[in-house]
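>>> Quick one: sequence plus predicted model below, questions after.
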Amino acid sequence: MSLVSNGNGHLTCNGTEKPFKIFVGYDPRENLAYEVCCHSLHKRSSIPIEITPIKQSELRKSGLFGAKGAKLRALSSHSCTS
């Protein structure tokens, strides 16, 4: 599987167009800010996008947030894979 730009900003994977993935930090106390961010991204984007919230509670449950997840976070922050 390889992702290739088709020259107009769209990504294709094996001939199928894929949305550009965007990860946005999410705080349940600031839901409106998250919704405004998503709305703005969708409104202003000229290519298909997929927005995924990054929720601290879910990261903690999976061990990716906190002292135990520090090594994994350091490795994943420099990754270029999808």
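Done, it's in.
>>> Number of residues surrounding the residue nearest to residue 34 when sequence neighbours are not counted?
Leaving aside its chain neighbours, residue 34 sits nearest to residue 26 (5.2 Å; criterion: C-beta to C-beta, 6 or more residues apart in numbering). Yep, even glycine has a C-beta here, placed from its N, CA and C like the rest. If you count neighbours by other C-beta atoms under 10 Å, residue 26 ends up with 18.
>>> residues contacting residue 60?
residue 66 (C-beta atoms under 8 Å, 6 or more residues apart in numbering).
>>> how close does it get to residue 34?
Distance of residue 60 to residue 34, computed by C-beta to C-beta, to the nearest Å: 18 Å.
>>> Straight-line length of stretch 39-52, end to end?
Stretch 39-52 has its terminal residues 13 Å apart, counting by C-alpha to C-alpha, to the nearest Å.
>>> Quick one: the strands in this structure, in order.
3-5, 11-13, 16-18, 20-26, 49-55 (DSSP state E).
>>> Return the set of residues that bridge with residue 18.
residue 11 (DSSP bridges).
>>> which residues touch residue 19?
11, 47, 48, 49, 50.
>>> Can you report phi and psi for the closest residue in space to residue 48 that isn't next to it in sequence?
Ranked by C-beta to C-beta, 6+ apart and with sequence neighbours excluded, the top spatial neighbour of residue 48 is residue 19, at 4.0 Å. The phi and psi values for residue 19, taken as degrees, to the nearest 10, are phi -70, psi 150.
>>> Against residue 58, how distant is residue 19?
Counting by C-beta to C-beta, the gap from residue 19 to residue 58 is 21 Å.
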